[in-house]
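[1] Quick one, structure for this:
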Amino acid sequence: MAEAEPKIRVTEEQIEFFCREGFLAIERITSDAEVERLRATYDELFARRAGREEGRQYDLAGTDEEDSVATLPQILEPRQYAAQLRDTLYEANGLAIAGQLLEGLAETLQDRVLSSEIVDFGLHAILKPAGIGSETPWHQDEAYWDPAKYFHGLSVWMPLQEATEENGCMCFIPGTHTGEVLSHHHAGDDPRIEALVVDDGHIDISKAVACPIPAGGATFHFCRTFHYTGPNRSVVPRRALALTCGLPQSTREVPRDFYWQGEKRTNAGKRREEAARRLTESEKS
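    Model prediction:
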């Protein structure tokens, strides 16, 4: 959990909006000074490809070959590689607001909620390079998660520069948080690509709402809300951090069939397996 003290709370009207629509955008979650510090660390991590060997840095939109240009690189849990990303005001405010928003939703999922404590599920950094940054296709976050668990979670997405429709701000389909996780497939129907896409016909993107926000603002969305970010057509990189958190998980009586997860054959997955093998061998020696 963050050590910094939270400075921001959302209003009852904002909580009601989140409960009704499944997402919320706010203009400020941290200071300009912290944004500058985080941006410098963020750029340094991507420049040195932190986490590459462990399979935590990879191209979400491509096949992630070593000699290919990544159009949507991301780093899972970048806090492992930079202490500057720990105990931030962004994190403190994000967890505090998440608690407010999820408390508002808890009544509809009361049979799945174990406690009111907010758990930090993880942080990831997502980069859309200038001019070539790929879209992040329409999907639900929970489609990536454990099908044997109940989740009551959300993501706190913060851009480190202004997020616009030109460079890939968040877009949501209102009200989609109340349904189940729908079927997904790998982008391009290629199991070597990490990115998931909702199957055709499941959503009406004509209802999508774009949420441009300034640097240091944030969007919050429930783990089943359909969302998307467009390609980066601008001349500057689009940098974003996403903190995932929620109430404690519980186990389902019958696991769901997220068959698309079993189809995955990614290079990042191979690197993760190799890293785990090396760790096991070093612990035995």
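
[2] Residue ranges in this protein under the pLDDT threshold?
    1-3, 107-116 (pLDDT under 70).

[3] again, only this time at 80
    Counting by pLDDT under 80, the chain contains low-confidence ranges at 1-3, 106-116, 284-285.

[4] residue contacts, the nearest residue to D257 once chain neighbours are set aside?
    In space, D257 comes closest to P147 once its chain neighbours are excluded; the distance is 6.9 Å by C-beta to C-beta, 6 or more residues apart in numbering. To be clear about C-beta, it is placed using only N, CA and C from the backbone, and glycine gets the same treatment. Under the criterion of C-beta atoms under 8 Å, 6 or more residues apart in numbering, the neighbours of P147 are R252, P255, R256, D257, F258, Q261.

[5] which SS state does the third one fall under?
    Meaning R256. coil (DSSP: H, G, I helix; E, B strand; the rest coil).

[6] what about it, distance to V236?
    Distance of R256 to V236, computed by C-beta to C-beta, to the nearest Å: 40 Å.

[7] Kindly report the same for the fourth one.
    The gap separating D257 from V236 is 42 Å, by C-beta to C-beta.

[8] try the first one
    In this structure, R252 and V236 are separated by 43 Å, where distance is defined by C-beta to C-beta.

[9] now do Q161
    The spacing between Q161 and V236, counted by C-beta to C-beta, is 6 Å.

[10] Show me whatever sits in contact with both of these two.
    N167.

[11] Please say which of these two ends up with more neighbours.
    Q161 (17 against 13; other C-beta atoms under 10 Å).

[12] Could you check how many residues crowd around the closest residue in space to that one that isn't next to it in sequence?
    Once flanking residues are discounted, Q161 sits nearest to A215: 5.0 Å by C-beta to C-beta, 6+ apart. By the criterion of other C-beta under 10 Å, A215 has 18 neighbours.
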